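>>> what would the 3D arrangement of this be:
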Amino acid sequence: MSDAIASVLSQIRSLQTRIDAPARTGEVGPAPQRSFSATLAQALAKVNQVQQEAGAVARAFELGEPGADLVKVMVASQQSQLALRATVEVRNRVVQAYQDIMNMPL
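This is a model prediction of the structure:
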């Protein structure tokens with residue numbers, strides 16, 4: 001599981017690098033404002049897309065289409081499971097943070 005977490009963290013860092021790249025190249029202009037809800041919606045859409053692709057690859061293999069082999073099915077399935085686990089882990093941490101804040105004394 002630690003490899004999965006390290007993979008997710010490296011993906012987050014690479015996305016952050018791509019977002020910060022225009023600022024380092026000297027481009028002038030306002031920085032794009034992204035809300036947490038927009039970022040979360042984008043991440044959930046990506047997880048959904050990965051799961052849909054895994055389902056399509058599995059369906060193609062079941063139907064015996066050429067080019068759809070078992071290795072592709074297993075890799076797509078594992079990617080889909082990893083994306084879902086990472087999403088659930090993020091959700092659990094957000095819920096825990098919310099509960100911690102709500103339990104703080106006034």
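>>> longest helix of the chain?
The helix that spans the most residues within the chain, counting by DSSP state H, is helix 70-102.
>>> identify each buried residue in that one, please.
For helix 70-102, the neighbour count (16 or more other C-beta atoms under 10 Å) marks 73, 76, 80, 82, 83, 86, 87 as buried. Just so you know, the C-beta spots here come from the backbone N, C-alpha and C atoms, and that holds for glycine as well.
>>> now these in a markdown table, with pLDDT and distance to residue 33?
What follows is the buried residues of helix 70-102, written out as a markdown table (pLDDT from 0 to 100; distance: C-beta to C-beta, whole Å):
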| residue | pLDDT | distance to residue 33 |
| --- | --- | --- |
| 73 | 92 | 40 |
| 76 | 92 | 34 |
| 80 | 93 | 31 |
| 82 | 93 | 30 |
| 83 | 92 | 26 |
| 86 | 91 | 25 |
| 87 | 90 | 24 |
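>>> can I get the residues you listed in CSV including distance to residue 57?
Formatted as CSV, the buried residues of helix 70-102 follow (distance: C-beta to C-beta, whole Å):
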residue, distance to residue 57
73, 5
76, 4
80, 10
82, 15
83, 14
86, 20
87, 20
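>>> out of these, which is nearest to residue 51?
residue 80 (4.8 Å; C-beta to C-beta).
>>> quick check: that closest one touching residue 51?
Yes: counting by C-beta atoms under 8 Å, residue 80 touches residue 51, with 4.8 Å between them.
>>> could you list the low-pLDDT ranges of the chain?
The chain contains residues with pLDDT under 70 at 1-4, 15, 20-32.
>>> quick one: contacts for the residue nearest the centre of it?
Centroid-nearest residue in the chain: residue 43, 5.0 Å away (criterion: C-alpha atoms, centre = their mean). For residue 43, the contacting residues are 87, 90, by C-beta atoms under 8 Å, 6 or more residues apart in numbering.
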